[in-house]
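**Q** Quick one, fold the following:
(4 chains)
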There are 4 protein chains.
Amino acid sequence: MSNMSKIKVGVVGATGYTGVELLRILVKHPHVTIQAVTSRAEAGLSIASLFPSLRGLIELKFEDPKTANLTNCDLVFFATPNGIAMQEVPALLKAGVKVIDLAADFRLKDANVWEKWYNMPHSCSDLLKDAIYGLPEMNREKIKKASLVANPGCYPTAIQLGFIPLIESGVIDLDDLIADAKSGVSGAGRKAEVNALMAEASDNFKAYGVEGHRHLPEITQGLSSLANQAVHLTFVPHLTPMIRGIHATLYATLTKKTDIQALFESRYRDESFVDVMPKGSHPETRSVRGSNQCRISIHQPQGSHKVVILSVIDNLVKGAAGQAVQNMNLMFDFPEISGLDLVPLMP
Amino acid sequence: MSNMSKIKVGVVGATGYTGVELLRILVKHPHVTIQAVTSRAEAGLSIASLFPSLRGLIELKFEDPKTANLTNCDLVFFATPNGIAMQEVPALLKAGVKVIDLAADFRLKDANVWEKWYNMPHSCSDLLKDAIYGLPEMNREKIKKASLVANPGCYPTAIQLGFIPLIESGVIDLDDLIADAKSGVSGAGRKAEVNALMAEASDNFKAYGVEGHRHLPEITQGLSSLANQAVHLTFVPHLTPMIRGIHATLYATLTKKTDIQALFESRYRDESFVDVMPKGSHPETRSVRGSNQCRISIHQPQGSHKVVILSVIDNLVKGAAGQAVQNMNLMFDFPEISGLDLVPLMP
Amino acid sequence: MSNMSKIKVGVVGATGYTGVELLRILVKHPHVTIQAVTSRAEAGLSIASLFPSLRGLIELKFEDPKTANLTNCDLVFFATPNGIAMQEVPALLKAGVKVIDLAADFRLKDANVWEKWYNMPHSCSDLLKDAIYGLPEMNREKIKKASLVANPGCYPTAIQLGFIPLIESGVIDLDDLIADAKSGVSGAGRKAEVNALMAEASDNFKAYGVEGHRHLPEITQGLSSLANQAVHLTFVPHLTPMIRGIHATLYATLTKKTDIQALFESRYRDESFVDVMPKGSHPETRSVRGSNQCRISIHQPQGSHKVVILSVIDNLVKGAAGQAVQNMNLMFDFPEISGLDLVPLMP
Amino acid sequence: MSNMSKIKVGVVGATGYTGVELLRILVKHPHVTIQAVTSRAEAGLSIASLFPSLRGLIELKFEDPKTANLTNCDLVFFATPNGIAMQEVPALLKAGVKVIDLAADFRLKDANVWEKWYNMPHSCSDLLKDAIYGLPEMNREKIKKASLVANPGCYPTAIQLGFIPLIESGVIDLDDLIADAKSGVSGAGRKAEVNALMAEASDNFKAYGVEGHRHLPEITQGLSSLANQAVHLTFVPHLTPMIRGIHATLYATLTKKTDIQALFESRYRDESFVDVMPKGSHPETRSVRGSNQCRISIHQPQGSHKVVILSVIDNLVKGAAGQAVQNMNLMFDFPEISGLDLVPLMP
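**A** Take a look at the predicted model:
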C-alpha cells in the first residue's frame, strides 16, 4: 500500500468539533495530504495554537476560505454550519473536486422539506438528486461513484443502523417506531451558548426539541426509502452530561416471530464498523469513544413483542468525521478502514 | 406551629445515600427529634465524621442496630438494603412504633412476585396487605392512617406520577406503555462496586437491566391497580453520568382526543410537590436538585397520537428521603410540606 | 423574631449565577421582602421562567434597571459585571439606600491599582475610602455600620480565611506565601464563552491567569493590611471540572514553633461560618456545597517548617451570595445566620 | 521496519487501568505479539468481554498467572498491585525474560525506605541496585541495556520532568520545592472503593495524603540524585473530578537570573514526548489525553523570583502504560516512538 498515491484534501471550517476531529484522523491517514484548512474567524492563526492537542502533528495555519486554493484539492470536506457548503459546492464540483459535506445541506432529497426544517432557501437544490447520502452500510456502491456525499447526522447514523435490519426484513410495525436518543454535549458544537456551559449542562439531564428536531426528516427519509413506504417515528433527543457519544434506545413492535439476534448478526457480518454484541449486552458509549465503531445489542424484555435495540456511536467519529473519512476511502478506492483503526479510549 | 410537639424518630442504616439524605432533611425538620441512627459497619463513629457536610448539625454517633433503643421512637425509617426491614418491622409495630421502609420489602402485594424479583424468601408476607404504598399523590388518605408505609422506588415515583392522569382518565392504550428512564449514579447507592466508579461511569452512558428491572413489577402493580386491569409496560432504565436526578421519558398512544395539558394541570392542581410545566417545556433534572419536587411536561410531537410525558425528580428526595418525610408528615398530621421547603440548587 | 420587621431589597443584574444564588437564599430569608429584580437583557420575563428551579417561589418579573424603583428599597445588591455598580451607587446612597456590591468595583482602596487591573476608569473613586470590605471574620464591626459594602471575591475569601490566623499571630515568613487555588466552573459566570463549554471544561484541568489574576491585589491588600507590611503572594488559579466550589491549598514557611491547630481553633471558635476541622483532615468542596461554610484544615507534612492550609468554600455562597446575605444581616442587625442555615447537599 | 522481527510480550495483571491501557497500545504496536495476559480474578474470561472497547482487537483470554507460560516471552509487563512483581521477577530474569514493572516494587533504591512507605517486607531487595528507573528523559542509556525496569509513578513523571532542567542547571533553591499536583480518578485504579465512586468523587475536589504520599520518596530520590544533594520537597496531591490526567503546578525559588524558557527548550529539544510550550501558555490535561506527551509551560508571575512550572501528562499513558512501552522500545532497540504515535483525543 506504500506506493498508493496520496490525495490532497481541504477542510473548510475546521474550528468546530467535527473539523478538529477530521484533522485528528487525517493527520495520521496514510493516503492523505492535508492541503488547506480554512476558517473565517481564525485565518492566519496556526492550527496547533488553537488546538494544542495537534502540536507537532500539523504545521498549517487556518486560511481565509475566500483565498484558500481549494480547487487544487482532490477532495474538500465541509465542516461548516448548515447553509455554507451549498454556496461553495457547485464551483468545486465544476472544477472536478469531490466534496463531502458534514453539515445538512445535501441530506434531504426534497428541497421544500429542507427549507421548512432549516429555515432558509436552498441555493442549489438541483444538486440534491445527485448527492449521495453517505451511510456506507446502506449506500456503499453509490458512495464509491459519488462526487458529492452528504455525510449523515449523528442521531440518524445511530438510529438508522439500529433499525435497518428490522425494516429490510419486514418484521416490525412501521407505524410505531420510537427512538429515544441521548447525546453528549459535543453534539451541540463548539459555539458559545449559555445552554452548553459546563455549569448548565453538567450534573443535569434533559430532553430538547421534542416537538421536532431537524434530524427527524433525515431519519424518516432513510427508513421510508428502505421500507418503500412511509414510516412513523417518534424521535426524542436528550442532552446527557458527557462530552462524546450517542446512545439510541429504539423501540419497535414485532409483527412476525423472528430471531432478531441472528438477523442483525447476518446483516452486519461483513461490516467493519458495526459490531453486533452478544444477546443481552448493554453497549456503553465509552466502548466506542474516539473510534468509528457502532455497537448494537438486541433485547426483547420479558419475551414480549416489543423489541428494544441499543445502538451506540461516538457522535464525532461514526457520527461525523470518521464516517466522512470512511466515505472518502470508498470514493477513492482506499481500504475502507484506512486511517480508521482507532482503538477506543477506555477509561 | 411552635407548640406542636416533636416526635422522636430513628433511622436504621444511615450510611447509605438515602440515609444521609434523610438526615439532611430531618436535622432541620421543625417537628422531629432524631433519637437514634444506626449502622452495623460504623457503630460508635460520630455521624459528622463520616459525613462532614453534617458537622455542627448533628451530634449523634451511629449506634449498633442490635442495641439501639428504637422502640422508644414514634417512627423508625429503614434506609437499609432490601431484606433487612422485614426482619425488624414486626417487633416495632407490635411495640406501637410506626415504620417507613425506604427499601422494597413492603412494596409488592404479592409475596410470590416479590420473592421472584428479589431472590429471597419474605419473612413477614402477612404484613404486605396492611402496608400502604407511600405515594401521597395516589394514596394520601390511606397513608394518614398507616402504621407501615412502603416508600416507593425512585423510578416508580417518576414514572407513575407521569402516567397517573392518563390512566385515571382512560385515554391511552394500556397495552403499549413505554418508560425510557435515566438515573444519576447515586441511585446505585453508596456501595463499593467497580461499575459505579467515577472512572467507569462518568463521560459514559448505558442502559442496564433491559431484560427486567425490579422496579418493573412495582410500577405495573400501581398502574394496573389504577386502571383496574393489567397494563403492559416496557421499562428501560439507563445510567447517566450525574450524581442526582431521574428523567423519565414516557410514551403512550392516545385512544381519545384529549387536552392532555389541561388534564395534568387539573389532576395536580392541589399537589405541593408536582409541578405541571407550561406546554412545550423540557424539565431539567437540575431544576429539582435537592428538592422534593416532581416536574412534568407534556408533548405530542408533530401532533401525532403519541403522547410524550417528561417527568423529573431528584431520586434521593422525591424518589426516596423527601417522599419518606412527606409520608411521615401525613402519618403524624404535620403540614405536608414541613421540613420540605427545599429550594433546588441551581447551578 | 417573628415581630422583627422585614426589609425591602432589590437585586440588580440577577441573571448571572451570583444573582440567582442570591434569589435562592433570599426567597426563604425570614426578614426580607424581594422588591425588585432587574436585568437589562431579560426585562419583562418572569424570573421563574428563566430559572425553573424557582417556580412557585418567586412571582416577580425581571425589570429594566432604568425604570425599577430601587430607591424604595432598604438595600440593593449589585450582582452585575464589574464597572456597573459604580455608576449607580452614588445616587442610591444619596437616597439613603444601603448597597452591597458583589462585583469588584469597591474592593480596592487605591483607585490607580483598581484601574490597572480592571482596565477602566473608576467613576466614583471618592467612595472607595468609605466602602467596607465585607469579610465579616475580618471586619465585622465596620460592616455593621456600613452603608456600602464591597463583597469579597471568591478566591480572596477562601485564601484570606486560610491565612488570617497565621498573619495575625506573626508566625510565618510574609515574603513567601503561595496560594494554589482551584475553582469550579460557575466562577466564570453565566456567560456564553467557548472556554466554559462543557465539551471544553469537563474531563479537563488547567491553570489560568498565572501571570496575574485580578484577585491578587485584593488578597494582598487584605493580608498586607493585617500584617501592617507588604506581603508577597504567588497566586495560581486553576479551573477544575465541577460546578461549585473553591479549594485553596496554601503554603507558608513557619518562622516560630507554634501549635497551628490550636491557633486556628482559637481564632475561629466563635465564627458561625468557619469550621476548623480536626488535625489531619482533608476538607472536600462538596462538604460545603450549597452552604455558607468555609472548612479549613491544617497540615505540616513530615513535620517540616512548611505549613499547608486547606480551605474550601462554595464559591457562589460564602464566596458570593451567602457572604452578601451575611453582610446584610450584620448591616440590619439580624441574627448573622438568618437565612443561611443551609445544609450542604451531599452527595 | 517491516522486516523487524516481533517480540513476544506478556502482561501480568491486566484487569486494572494500567493493564488495559497497555493492551490498548500493544494491540497496535508494530513490533509486538501479545503472548499471554493474566488475571487471577478473571482467568478464563475473554479479554474483550471484560473490556468491550477491545472487541475485534484481541482474541486472547485472561490466563491464570500460575499456569501462564511467561518464560516463553521476551518481555513481561507487571501491571499488578505493589508487592506482586517482586515475587515473580527473579525467576523470570533467571529465565532470560526482561521485565518492566509498572508498580512500585523496584522504584526505590533503599529497601528500608521502601518497606517503610509500602508497609511490607521486600522479597528481593538485592535486585534494587540493578533495576533501572524507567524515566527515559533521565536514564535513556541505562534503560537500553536494562533487564529490569522500574516504570515511574504518575506523579513522579509529571513532577520530575518539570524540575529536571531547573535542578540540572543549578538555578533554584533546593530546600524549598513545592509540587501541588492534581490527578484524575483513574489514578486510584480499577478497585471497588467508596471514595472513588462517581457519586463521591464527581463535582468535588479534595487534597489527600498531605502528611505523606508514597510518591514523595520516589520523587526526592530522583531529584536528589540529579542534584547530588538532598532536596526538600513539599508534595500535596489532590483528586480532581476527571478520568485521566495529571496537572502538576511546581513552585521553586530562583537563585540566579536565568532564561528559564530557553533552558527548558534546550533541555528537551530532542525529546519526542516532552513539549515545551510557548511562554505564557497554560497546558490543559486534555491536550495530552490518550497520548504519551508531557506538555510543560514556564511562568514567573509578576516578574518575581518564584518560578511556576506547569506540567501535564495523561496518568495512564506517559504516567504508566505509554512510558512502559517507551521503555520497551528502548530495551529492544525499536524506534522510541513505535506504537506511541497516539493523537490526543480532543474534545
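
**Q** Distance from the host helix or strand of A:Val9 to the middle of the chain?
**A** Taking DSSP states H and E as the definition, one finds A:Val9 inside strand A:7-12. Averaging C-alpha coordinates over strand A:7-12 and over its chain gives two centres that are 18 Å apart (CA atoms, centre = their mean, to the nearest Å).

**Q** what does the stretch 201-347 of chain A put close to chain C?
**A** Residues of the stretch 201-347 of chain A found near chain C (CB under 8 Å from any CB of the partner chain) are A:Ala201, A:Ser202, A:Asp203, A:Pro241, A:Met242, A:Ile243. Quick note: C-beta positions are derived from backbone N, CA and C, even for glycine.

**Q** from those residues, which two are the most distant?
**A** The distance between the two most remote of those (CB to CB) is 14.1 Å, for A:Asp203 and A:Ile243.

**Q** Low-confidence stretches in chain A?
**A** Where chain A drops to pLDDT under 70, the residues are A:1-4.

**Q** Close to chain B: what parts of the stretch 101-250 of chain A are there?
**A** Going by CB under 8 Å from any CB, the residues of the stretch 101-250 of chain A near chain B are A:176, A:178, A:180, A:182, A:184, A:199-200, A:202-208, A:210-212, A:216, A:232, A:234-236, A:238, A:240-245, A:247, A:249.

**Q** swap the cut-off to 6 Å and go again
**A** Those residues of the stretch 101-250 of chain A that sit near chain B, judged by CB under 6 Å from any CB of the partner chain, are A:178, A:180, A:182, A:199, A:203-208, A:210-211, A:234, A:236, A:240-243, A:245, A:247, A:249.

**Q** Could you pick out which of the residues you listed are located in helices?
**A** Among these, the subset assigned to helices under DSSP state H consists of A:Ala199.

**Q** Can you select the buried ones from the residues of the stretch 101-250 of chain A next to chain B in ChimeraX?
**A** To isolate the buried members of these in ChimeraX, using 16 or more other CB atoms under 10 Å in any protein chain shown:
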select /A:178,180,182,199,203,204,205,206,207,210,234,236,240,241,242,243,245,247,249
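
**Q** near chain D, from the residues of the stretch 101-250 of chain A next to chain B?
**A** If you filter these for contact with chain D, counting by CB under 6 Å from any CB, you are left with A:Asp203, A:Ile243.

**Q** now, which of the residues of the stretch 101-250 of chain A next to chain B lie within strands?
**A** Filtering those for membership in strands, criterion DSSP state E, returns A:Ile178, A:Asp180, A:Lys182, A:Lys206, A:Ala207, A:Thr234, A:Val236, A:His247, A:Thr249.

**Q** so what's the residue lying closest to the last one once chain neighbours are set aside bridging to?
**A** Pointing back at A:Thr249 there. Once flanking residues are discounted, A:Thr249 sits nearest to A:Asp180: 4.6 Å by CB to CB, 6 or more residues apart in numbering or on different chains. A:Asp180 has the following beta-bridge partners by DSSP bridges: A:Val236, A:Thr249.

**Q** show me the contacts for A:Asp180.
**A** By CB atoms under 6 Å, 6 or more residues apart in numbering or on different chains, the contact list for A:Asp180 reads A:Val236, A:Thr249, B:Asp180, B:Thr249.

**Q** quick check, nearest of those residues to A:Leu135?
**A** Proximity of these to A:Leu135 (CB to CB) peaks at A:Thr249, which lies at 19.9 Å.

**Q** List the residues that contact that closest one.
**A** Shown in contact with A:Thr249 (CB under 6 Å, 6+ apart): A:Asp180, A:Leu310, B:Asp180, B:Val236.

**Q** how about a cut-off of 10 Å?
**A** Residues counted as contacts of A:Thr249 (CB atoms under 10 Å, 6 or more residues apart in numbering or on different chains) are A:159, A:162, A:178-182, A:236, A:299, A:308-312, B:178, B:180, B:182, B:207, B:210, B:236, B:238, B:249.

**Q** now do A:Trp114
**A** A:82, A:86, A:104-108, A:120-122, A:125, A:128, A:214, A:217-218.

**Q** Check A:His215 too.
**A** With contact taken as CB under 10 Å, 6+ apart, A:His215 is in contact with A:104, A:107, A:117, A:152-157, A:159, A:179, A:181, A:209, A:235, A:237.

**Q** Stretch A:329-345 near chain D at all?
**A** Yes - with CB under 10 Å from any CB of the partner chain as the criterion, chain D is reached by stretch A:329-345 at A:Asp341, A:Leu342, A:Val343, A:Pro344, A:Leu345.

**Q** Buried subset of those, written for ChimeraX?
**A** Taking 16+ other CB under 10 Å as the burial criterion, the selection of buried members of the residues of stretch A:329-345 next to chain D in ChimeraX is written as:
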select /A:342,343,344,345
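
**Q** Would you state the strands of the stretch 1-150 of chain A in chain order?
**A** Per DSSP state E, counting those that start in this stretch, the stretch 1-150 of chain A carries strands over the ranges A:7-12, A:32-38, A:62-63, A:75-78, A:98-101, A:132-133, A:148-150.

**Q** Of these, flag the one that's most buried.
**A** strand A:75-78 (a mean of 28; mean count of other CB atoms under 10 Å in any protein chain shown).

**Q** gap between it and the chain center?
**A** Taking CA atoms, centre = their mean, the mean C-alpha location of strand A:75-78 is offset from the chain mean by 15 Å.

**Q** now stretch A:141-159
**A** The chain centroid and the centroid of stretch A:141-159 are separated by 8 Å, computed with CA atoms, centre = their mean.

**Q** Stretch A:260-276 too?
**A** Centroid separation between stretch A:260-276 and its chain, computed with CA atoms, centre = their mean, is 19 Å.

**Q** so, in contact with chain D or not, it?
**A** Yes - judged by CB under 10 Å from any CB, stretch A:260-276 comes into contact with chain D through A:Ser272, A:Asp275.

**Q** Let's see the distance spanning that stretch from one end to the other.
**A** Start-to-end span of stretch A:260-276 (CA to CA, to the nearest Å) is 11 Å.

**Q** Give me the buried positions along that stretch.
**A** Across stretch A:260-276, burial judged by 16+ other CB under 10 Å covers A:260-261, A:263-265, A:267-268, A:271-276.

**Q** Pull the most distant pair out of the residues you listed.
**A** Within the buried residues of stretch A:260-276, two members stand farthest from each other by CB to CB: A:Ile260 and A:Ser272, at 22.1 Å.

**Q** related to what we said a few turns ago, within the sheet, what are the partner strands of the strand holding A:Val9, with directions?
**A** Within its sheet, strand A:7-12 is paired with strand A:32-38 (parallel), strand A:75-78 (parallel), according to DSSP bridges.

**Q** Nearest to B:Glu21, out of those strands?
**A** Taking CB to CB as the measure, the strands paired with strand A:7-12 were each checked against B:Glu21, and strand A:75-78 came out nearest at 50.0 Å.
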